[in-house]
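Peer 1: turn this into a structure:
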Amino acid sequence: MSDFDQELDARGLNCPLPILRAKKALNGMAAGEVLKIISTDPGSVKDFEAFASQTGNELLNSTEESGEFHFMMKKA
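Peer 2: Now for the predicted structure:
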């Protein structure tokens, strides 16, 4: 079993598209579910931190692997 409920591939998208796509995906999810986001935009690191604090959704972790940024966000 995976540690997330839904995955969003935002590779190749620049700000603000990763955030907008994540917001749309989270809107369709139930509270407590986890969204995994993969992005190649270096600016998305700060964007997702700000998005989490503004929306109340929890940024569980943020990692970088080979130029890709992986985020796990739990819906509030």
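Peer 1: quick one: the closest residue to Ala30 other than its chain neighbours from Glu68, how far?
Peer 2: Leaving aside its sequence neighbours, Ala30 sits nearest to Lys75 (C-beta to C-beta, 6 or more residues apart in numbering; 6.9 Å). The way it works is simple: take the backbone N, C-alpha and C, and place the C-beta from them, glycine included. Remark: distance between Lys75 and Glu68 (C-beta to C-beta, to the nearest Å) = 22 Å.
Peer 1: state the pLDDT value of Ser2.
Peer 2: Per-residue pLDDT puts Ser2 at 80.
Peer 1: hang on, it in a helix?
Peer 2: No. Assessed by DSSP: H, G, I helix; E, B strand; the rest coil, Ser2 does not belong to a helix; its assignment is coil.
Peer 1: which strand residues bridge the residue nearest the centre of the chain?
Peer 2: For the chain, the residue nearest the mean C-alpha position is Ile37 (4.0 Å; C-alpha atoms, centre = their mean). On the basis of DSSP bridges, Ile37 is bridged to Leu8, Phe71.
Peer 1: that one touches Thr63, doesn't it?
Peer 2: No. Using C-beta atoms under 8 Å, Ile37 is not in contact with Thr63, being 11.3 Å away.
Peer 1: I figured the residue nearest to Ala30 hits Gly28, correct?
Peer 2: No. Assessed by C-beta under 8 Å, Lys75 is found out of contact with Gly28, at 9.6 Å.
Peer 1: the more surrounded of those two?
Peer 2: Lys75 (20 against 10; other C-beta atoms under 10 Å).
Peer 1: quick one on the thing from earlier: mind listing the shared neighbours of Ile37 and Thr63?
Peer 2: Residues touching both Ile37 and Thr63 (C-beta atoms under 8 Å, 6 or more residues apart in numbering): His70.
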